[in-house]
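1. need coordinates for the following:
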Amino acid sequence: MTAAGPARVLLEQPETPSFLIVLTHGAGGLPDTADVLAVRDAARGLGAATALVTQPYRVKGARAPGSAARQDAAWAEVMAALRRDTGRDGAALPLVQCGRSNGARVACRTARQVGASGVIALAFPLHPPGHPGKTRDSELRSAGTGVLVVNGDRDPFGIPEPDETTDVVVLPGEAHALSKHPAAVGAAAAAWLGGLL
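-> Got it, this is the predicted structure:
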């Protein structure tokens, strides 16, 4: 339960998880898209506890998240509960946040606040289609930790540039959905997570 209403969480963890990865959806979706599940499976291969989160606005049936501040506050509440529930001997597991599209924005905006060790941003929507001047680059750069961006080369929302803390993988032939080659998404995530952890 959050101040914005209930979130839905599917938590799966091995007996001794090495880290926690929390994954969420785009604005009108659910956390069952091929790209999100590919990252989940890659993280499981590295010993992670995995949590698929349906955010409160989607549990209520809304397709748009509404206020970013309210969305971020609810996300932070979910992260606090998950870190409590997965901690070992009083210590929280290292946390990686992963989101696609709008969920990638949330993961970046909240990473510093919740103490994330890294962020995987799938199909980060750099700007609204056709409006490159309305950039959301500052959200990406505000994470305060290492970020892996995975975008398609045909994404109408644009492709962020890499920098010293941001790795960018551009998948040929993919659009915003990142649905054609989920194995490539998973491979990129596994390689990056291996270096991070």
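
2. report the outermost residue of the protein with respect to its centre.
-> Distance to the chain centre peaks in the chain at residue 89, reaching 26.5 Å (criterion: C-alpha atoms, centre = their mean).

3. tell me how far that residue lies from residue 107.
-> With the distance defined as C-beta to C-beta, to the nearest Å, residue 89 ends up 27 Å from residue 107. C-beta here means a position set from N, CA and C on the backbone, and glycine is covered the same way.

4. and what of residue 36?
-> Where residue 107 is concerned, residue 36 sits at a distance of 11 Å (C-beta to C-beta).

5. who has more neighbours out of those two?
-> Of the pair residue 36 and residue 107, residue 107 is the one with more neighbours under other C-beta atoms under 10 Å, namely 30 against 26.

6. kindly export the helix or strand where the more buried one lies (C-alpha atoms) in CSV.
-> Assigned by DSSP states H and E, residue 107 belongs to helix 102-114. Taking C-alpha atoms only, helix 102-114 is exported to CSV below (Å, rounded to 0.1, in the frame of the first residue of the first chain):
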residue,chain,number,x,y,z
ASN,A,102,7.8,6.2,-18.4
GLY,A,103,9.0,3.6,-15.9
ALA,A,104,12.6,4.3,-17.0
ARG,A,105,12.0,8.0,-16.2
VAL,A,106,10.7,7.0,-12.7
ALA,A,107,13.7,4.7,-12.1
CYS,A,108,16.1,7.5,-13.0
ARG,A,109,14.3,10.3,-11.1
THR,A,110,14.2,8.2,-7.9
ALA,A,111,17.5,6.3,-8.0
ARG,A,112,19.4,8.7,-5.8
GLN,A,113,16.6,9.0,-3.2
VAL,A,114,16.2,5.2,-2.8
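
7. this completes my enquiry, with thanks.
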